[in-house]
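# compute the structure for the input listed below.
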Amino acid sequence: MSVAEPRRIVVFRHAKADWPDVADHERPLAERGRQDAPVAGRRLADTGISFDLALCSTAARTRETWKLAVHELPHRPRTVYEERIYEASPGELITLLNETPDEARNVLLIGHNPGAQGLTQVLAGSAEGDAAERLAGRGFPTSAFAVLTFTGSWKTLEPESATLTGYWAPGRTP
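Next up is the predicted model:
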């Protein structure tokens with residue numbers, strides 16, 4: 001594929017997690033999260049994006065979210081469980097995305113807040129339609145995702161180099 005073709009990054013926050021007495025990294029999904037993750041998966045499928053690669057945090061809640069959401073997609077992308085996503089800043093997430101092979105056109109990143117929202121806001125130099133207003137109004141609740149596009153090599157991805165083209169969040173408040 002040519003680096004001149006548009007690429008997409010979908011930033012997907014994990015579904016609602018429970019708060020049992022375990023380390024934060026090991027927190028499982030709450031019942032609401034187990035219900036919302038497949039719904040988010042169906043909404044991801046509705047975007048029509050064919051994902052080449054999924055980068056998923058190693059935290060239990062992100063792995064469980066992905067396991068429930070991926071079954072709703074028309075095909076399962078190659079999945080890499082990446083410990084650097086957990087507690088990552090937007091800059092650290094951009095560095096991780098810069099390492100993506102150029103053969104991958106569409107990447108799904110399953111992570112956490114505040115990194116997911118921060119990454120979306122840092123990358124989006126512009127927005128289409130009302131996506132930016134909806135993101136500003138809702139924030140980045142659990143199970144939400146944002147769609148960003150940019151042109152160029154993954155190595156050239158930097159702040160404000162993408163366009164926010166879509167945003168979805170579950171209907172209820174977080």
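# and the strand or helix carrying residue 65, what's its mean pLDDT?
For residue 65, the host element (DSSP states H and E) is helix 60-70. Mean pLDDT, computed over helix 60-70, is 98.
# again with stretch 40-47
pLDDT averaged over stretch 40-47 gives 98.
# chain center to it, what's the gap?
12 Å (CA atoms, centre = their mean, to the nearest Å).
# what lies in contact with that stretch?
With contacts defined as CB atoms under 8 Å, 6 or more residues apart in numbering, stretch 40-47 is touched by 10, 12, 15, 65, 68-74, 108, 143-145, 147, 166, 168, 170. Just so you know, the C-beta spots here come from the backbone N, C-alpha and C atoms, and that holds for glycine as well.
# try it again at 10 Å.
8, 10, 12-15, 33, 51, 65-75, 106, 108, 142-145, 147, 165-166, 168-170 (CB atoms under 10 Å, 6 or more residues apart in numbering).
# so how far is the longest helix seen in the chain off the chain centroid?
If you go by DSSP state H, the chain has its longest helix at helix 31-46. Helix 31-46 sits 13 Å away from the centroid of its parent chain (CA atoms, centre = their mean).
# how about that helix: buried residues?
Going by neighbour count (16 or more other CB atoms under 10 Å), the buried part of helix 31-46 is 32, 33, 34, 36, 37, 38, 39, 40, 41, 43, 44, 45.
# quick check: the last one vs residue 61, distance?
Distance, residue 45 to residue 61, by CB to CB, to the nearest Å: 21 Å.
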